[in-house]
Each structure stands twice: as C-alpha cells, then as structure tokens.
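1. build me a structure from this.
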Amino acid sequence: MQTDILEISDLSVTFHMGREEITAVDRVSFTLKKGCTTGIVGESGSGKSVTALSVMHLLPSPSAIVNADKMLLFDQKGIPVDINSFDQRQMRHVRGNRISMIFQEPMTSLNPVTRCGKQVVEAVRAHQALSRHEAKKKTLEIFREVMLPMPEDVFYAYPHELSGGQKQRVMIAMAVASRPDILIADEPTTALDVTVQKSIIQLLKDLQSKYGMAILFITHDLGLIFGIADELLVMKNGQIVESGTVKDVFSGPKHPYTRSLLASRPPKDISPEKLREIYLRKPLLETDDLKMYFPGRVHGTNRIAEIKAVDGVSLQVFPGEVLGLVGESGCGKTTLGRSILRLIEPTGGKIRFREGDLMKLHRKTLKKLRKDIQIIFQDPYSSLNPKLSIGSAIMEPMKVHGIGHDARERRKMALELLEKVGLDQRYFYRYPHELSGGQRQRVCIARALSVQPEFIVCDESVSALDLTVQAQVLKLLKELKDEFGLTYVFISHDLSVVKFISDRIAVMKDGKIVETGNADEIYSNPKSEYTKNLIASIPI
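-> Here you go, the predicted model:
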C-alpha cells in the first residue's frame, strides 16, 4: 500500500480581471501517494498548471484568490500539516525541500545571464547548510545523476549553449537537489523530440524509483501519460471530470470529454489514386545538394569549426503534396525550411521553384516571389507583433504585396480569412496576448494565406498545442490545402503527427536525409536504424 503524501480537498482558484471574475479551478480534490505518478491531462486553459502553481503558492497575488478546504502535506511519520494557511516565509521551507517543480520551458525558467552550475548551486545552498565548494561538488554529482554529458562543461555553460534536452536536465537537477517528497512536472517534454522525451521520462522514472518521490505530471499528450502515470485526472473548465487508474480511463472512458480527447487524432483519408495523380506532375519545388554551414565553437574547447546544419540535401516536392520532414532537435529541419525560402542564405546548392532557380534571384525579385512561398512559424506568439491587432497583422502582408485595391477591400478579405480559419469578426480588433495558443496559430495561418501562396513551410506549427487543438489545426491545414490547392513541407519532431498529415516523409539526421518514402511505409517498415529508433521512441 502506498502512503499518502499530499491531500488536496475542494481547491478553487479565481482571477479578477477588471470587473470580470474567472474561475480557473473549481472545487478540485485529489491525493498524491508516495512513489506513485499522477497525471493531469486536459486542453490549454483547463486549469492544469494553475492547480499545480496553487499547491506551490506561486500564483500571482492579489489577482488570484485561492480557496481550499485543506492542503495536507504528510511527513515521514504520516503526520499531516495544512500548508493552505502557510505564508510565503513558511512556504520557502516547503518549496525545494518537500515540493519541487519542473517548469514547461527551461529556457525561460533558467537565468540567461548566469552559468547553469551557479544556478543549481544557489538552489542547493538555499536548502542545505553547505559551503560553495561543497555545493559545487554536490551539483556535479547531481549533473552526473541526471546523465548530463561532460558535467564540468555544463556547470560553466550558459543556458543558450545547451540543447533543449540538456536544459531540461539542468532544471530536473535543480528540482531534485534536495530530494523532495513531491515533484511537479509541468509539461516537461512539450518542446523536445521523441528520443530526448523518452530519455527524460526514463530519467524521471529512475529518480522516482531511487527516492520514492510522488510525481504530479501535467501534459496534453495522452500517449505520453499512458507510459508514465499510475493514476489519471482529466480536467475540463477547471473541474476534474474523470479520474481513475490510467488503464481504467483509457480502456473505458466514462465522460464524453475524455472520449473526445482519446479520439483527437485526425484520420488520413487521401486515396491512392489521388497520390498517383500528384506524382505524375512536375515538382513544384526541388533542392539539389543544398548546404547550409555555420561557424561554431567545438563543445568544451575554444576551437572554431564548421557546423554542417544542412549537408547536401536533395528533395522534390510535388504540387498538392504534403511532404513531412522529421528528425531530432538539431538535425537541421528548421534550417532546411528557412534555407529553401532563403530566409537564411544557403552556403551552396540549388533551389528550383516552378523550374526557376531561386538561388539566382536578386533580393528585389525574391521579395515579389515571397507571396507565393510562405512559412508558418513554430511559436505563433513571437511571430506576431504584440502591438498590432489581429486584423492589422493579416492585412499588413496584403499591403506589402499590393493585394486588394484599398484598406476597405483588404479588411473584407481579412475578415473572410478569419472566418476560414474558424475565428469570427470579433477577433479582428483583438491583440495576440488576448488569444489562446490555438487561436494565435490560426491567425498565423490566416496571415500566411492572405497573400494567396502556392507553397507553405509549416515549421513545428502544432508542437506546442494540446491534443484537441492540434487535431483541429491539422484538420484545418488539410481542408485549406484542398480548397486553395496548397503544397506543404510539414516540419515536426513528432513522427506520429507527421504520419497523419503527410503523403511522403523525409527523415533527417545530422543535416542529411537518411530515408524518404510513402508515409505509411516509413512508419510500418522503416529501413534505417535511425528511423526505427525514432518510431520506437513514440509514446504508445
């Protein structure tokens, strides 16, 4: 029998936004057990992260009002203390010592101007009476424990010098430094590719087994939660609508919302006849021996070497096709996508669009062609100007490329595009910060369509979205492709998503294409060991 370590009863969180009152968490109750992993799943805005932050007393005040019947934290002897009434001074002794948290985005959680080792040393010394020398020694031990390569190098590295997986391991090292009883992991693998994600999940399991921690794992990825959690809480509109063991919830979901989550993957329904018709045409875009090299420092030394981000890639993309481009972080996917559009200037090779050589085009001519070749970036929030309203953001490229006779016509076209992507005219005057992640991504799609393109690079355009919103955006992209006769290069580290939307898949590793073929064939019968490992890493 696992012993209870945390009991939450009737937790409610309300935010006051001007005259409006928003209930983010509504009478939530759950229990965490020692050595057990409890998963919380639900769409963005369902209250998952707010629940976790309220347990840590980390919600902004006074805009947030937290009410709970009790928040009982049990000690080693099973004696409870109600942390609901703790002030910030008392909670400082709880955070890190008893309850730790791994945040969703390590790059924004780590201080960019402080070396990684120093940040962990500070966390260690905040809770343990150690000298700087002893704290450094302990930090290096923890770095080895979380399997960071070259711990000494990582200790003196700044966050931007590490990969996403390494930064996440530094965050985990910081969280487990004082051996907490409870570890809250808030979407810790969202932006990581499947192989790094698998290694992070295995690391958390190993640490849990070693120290007997209770883990509260927050995610929107049902495949991932099935492989890590023992118990599952399904949240919708601030409430827990279903709970139980993972196997029970997955095998017999009772609530309609849980059933809709489990059925969120969009079906792939392109016919073999239509595919054959696509490949009888001439390619719309071709790359021949495309290269993109950068100067860079060899890790752990001061030696400068050439980094071959894209190393001799030759591809064909046919009109009306969706070509999926997959691989781990750092394999060169995004660099290839941006090189194709000449957003960064390739080192060498050829790019042909409609049989014209893009590499020979002057900047002025290329600018005119940009209306035909567009990109949807990974992060919709950073790719939208926060000072421009949604309507202005969509109309701006129209104005640049001379689409529409005047502002009135462009406004009409922008409203029609908003309608196309599932947003009504109310959004025309809103700003990016007033929209959810899924809504912002729809705006970016509308903006890309505003110049009536033929070819779009979708760069990780659904990776940060929860499962149901992801399915909606994928379905939208497919419908728009059919309606406007679009051609996509769909870049993602999620091979399961790529399989659903793509006709063909190209697998990339270390700047090279290691395998290409029909999406179903690549998935069911991969040829290269690298592709096999990628597929084996996908959460089932």
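2. in the stretch 251-400 of the chain, which ranges drop under the pLDDT threshold?
-> Residue ranges of the stretch 251-400 of the chain with pLDDT under 70: 264-275, 296-303.
3. and the strands in it, which stretches?
-> Per DSSP state E, counting those that start in this stretch, the stretch 251-400 of the chain has strands spanning 285-297, 304-317, 322-326, 348-353, 356-357, 373-376. These are given in chain order.
4. beta partners of the residue lying closest to residue 352 once chain neighbours are set aside?
-> Nearest non-adjacent residue to residue 352, counting by Cβ to Cβ, 6 or more residues apart in numbering: residue 286, 4.5 Å away. C-beta here means a position set from N, CA and C on the backbone, and glycine is covered the same way. With DSSP bridges applied, residue 286 shows beta-bridge pairing to residue 316, residue 352.
5. OK, contacts around residue 286?
-> By Cβ atoms under 8 Å, 6 or more residues apart in numbering, residue 286 lies in contact with 314, 315, 316, 317, 350, 351, 352.
6. unless I'm mixing things up, residue 240 is touching residue 232, no?
-> No. Using Cβ atoms under 8 Å as the test, residue 240 is too far from residue 232 to be in contact (10.0 Å).
7. more neighbours, these two?
-> Taking neighbours as other Cβ atoms under 10 Å, residue 240 and residue 232 compare with residue 232 leading, 24 against 21.
8. any idea of the mean pLDDT for the strand or helix carrying the more buried one?
-> Taking DSSP states H and E as the definition, one finds residue 232 inside strand 231-236. With pLDDT averaged residue by residue, strand 231-236 scores 94.
9. mind listing the strands it pairs with, and their directions?
-> Here strand 231-236 is paired, per DSSP bridges, with strand 37-41 (parallel), strand 239-245 (antiparallel).
10. can you list contacts of it?
-> By Cβ under 8 Å, 6+ apart, the residues outside strand 231-236 that reach it are 28, 30, 33, 36-43, 46-48, 51, 225, 240-246, 249, 255, 257-258, 261.
11. that strand: how far from the chain's middle?
-> 20 Å (Cα atoms, centre = their mean, to the nearest Å).
12. would you mark the buried spots in that strand?
-> For strand 231-236, burial by neighbour count (16 or more other Cβ atoms under 10 Å) applies to 231, 232, 233, 234, 235, 236.
13. so the fifth one bridges to which residues?
-> Residue 235 has these beta-bridge partners by DSSP bridges: residue 240.
14. tell me the spacing between it and residue 57.
-> Counting by Cβ to Cβ, to the nearest Å, the separation of residue 235 from residue 57 is 20 Å.
15. again, but for the third one
-> Distance check for residue 233 against residue 57: by Cβ to Cβ, it reads 20 Å.
16. helices of the stretch 51-200 of the chain, residue ranges please.
-> Under the criterion DSSP state H, counting those that start in this stretch, the stretch 51-200 of the chain contains helices at 88-94, 106-109, 116-127, 132-145, 151-156, 164-176, 194-211.
17. got TSV for these, with distance to residue 397 too?
-> Listed next are those as TSV, based on distance: least, Cβ to Cβ, whole Å:
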stretch	distance to residue 397
helix 88-94	47
helix 106-109	29
helix 116-127	40
helix 132-145	46
helix 151-156	42
helix 164-176	30
helix 194-211	34
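18. most tightly packed of those helices?
-> Most buried of these by mean neighbour count (mean count of other Cβ atoms under 10 Å) is helix 164-176; its value is a mean of 25.
19. circling back: ok, of the contacts of strand 231-236, which come out buried?
-> Of all these considered here, the ones buried according to neighbour count by 16+ other Cβ under 10 Å are 28, 30, 33, 36-43, 46-48, 51, 225, 240-244, 246, 249, 257-258, 261.
20. secondary structure class for residue 508?
-> Secondary structure, DSSP: H, G, I helix; E, B strand; the rest coil: residue 508 is strand.
21. contact partners for it?
-> Residue 508 makes contact with 313, 325, 326, 327, 331, 332, 333, 336, 514, according to Cβ under 8 Å, 6+ apart.
22. give me the beta-bridge partners of it?
-> Bridge pairing for residue 508 - DSSP bridges - gives residue 513.
23. give me the pLDDT value at it.
-> Confidence at residue 508, expressed as pLDDT, is 93.
24. do the same with residue 494
-> With respect to pLDDT, residue 494 has a value of 78.
25. so how far is residue 21 from it?
-> Computed as Cβ to Cβ, the residue 494 to residue 21 distance reads 37 Å.
26. more neighbours, the two?
-> A direct count of neighbours by other Cβ under 10 Å for residue 494 and residue 21 places residue 494 higher, at 21 against 10.
27. from what I can see that one touches residue 465, true?
-> No. Counting by Cβ under 8 Å, no contact exists between residue 494 and residue 465, whose distance comes to 11.0 Å.
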